[in-house]
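Trainee: give me coordinates for this.
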Amino acid sequence: MIELYTWPTPNGHKAQIMLEEIGLPYEVRPVDITQGAQLTAAYLALNPNNKVPTIVDTDGPDGGRCVVFESGAILLYLADKAGKLLPSDRAGKYLVTQWLMWQMGGLGPMLGQAQHFFRYAPDPVPYAIDRYTKESYRLLDVMELRLREAEYLAGGYSIADIACFPWIRIHKLAGLTLDRHPAIRRWYGAIRARPAVGRGLGILIERWKDVATSSEAKHHLFGGPQYAGRRGG
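Mentor: The predicted structure follows:
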């Protein structure tokens, strides 16, 4: 059984969609990051980076309990466990892996920062907005060029697409547009139409809270005194 510790965020959505796609049994363990649940001792014992998602596999590789945090690592673990959405041949595997790493190191962090300064910063910071907007568009251009030559990022639908999809989904919240990215729009529509994606996005949706309108959520995510220097989300 997989225990899924998550909240409806782009990174949480990756694991939620993946588990729906591969069909392994799992149970949801909500981690309300707007209330500081990611900073509790119990959660930090599972994920020292105090972010979502985290999984606990009670039937791990050696038959014991296995804890995995970081969304990219979770996607790789689940793909390996299920034998799905990651090619078995080395060339195909590393084609998927490079686009997964591209998302982890670029698309997610840059769109995340663009969203933060566009929606959450208490005062406008023009330099930061300009910096992250330009870099986000550069990354979207990279993705656009790839998707003009391939149906999905690694040819066939894979964990690379699952990783990127939730971040493209929030582009408007980062002040971005896809007006000049028709291939991304085509790709996004194909993924959004998948039943498993709809089910994954629906997990905990009733508990979603707009951080931009909640001073309490901002406190726990961006400025709380607990665990000085830590950030959740």
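Trainee: strands along this protein, start to end?
Mentor: Along the chain, the segments classed as strands by DSSP state E run 2-6, 26-30, 54-57, 66-69.
Trainee: as a markdown table, these with distance to residue 122, mean pLDDT and mean neighbour count would be great.
Mentor: C-betas here are computed from N, CA, C, even on glycine. Written out in a markdown table, the entries for the strands of the chain read as follows (distance: least, CB to CB, whole Å; pLDDT from 0 to 100; neighbours: other CB atoms under 10 Å):
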| stretch | distance to residue 122 | mean pLDDT | mean neighbour count |
| --- | --- | --- | --- |
| strand 2-6 | 28 | 98 | 22 |
| strand 26-30 | 28 | 98 | 16 |
| strand 54-57 | 30 | 98 | 22 |
| strand 66-69 | 29 | 98 | 17 |
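Trainee: output those as CSV; include the columns distance to residue 195.
Mentor: Rendered in CSV, the data for the strands of the chain read as follows (distance: least, CB to CB, whole Å):
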stretch, distance to residue 195
strand 2-6, 19
strand 26-30, 17
strand 54-57, 22
strand 66-69, 25
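Trainee: for residue 216, which of these is the nearest?
Mentor: Closest approach to residue 216 among the strands of the chain (CB to CB): strand 26-30, 16.7 Å.
Trainee: run the chain-centre distance for the closest one.
Mentor: Taking the mean of its C-alpha atoms, strand 26-30 sits 17 Å from the chain's own mean (CA atoms, centre = their mean, to the nearest Å).
Trainee: my guess is residue 44 meets residue 54, correct?
Mentor: No: the pair formed by residue 44 and residue 54 falls short of the contact definition of CB atoms under 8 Å, at 10.3 Å.
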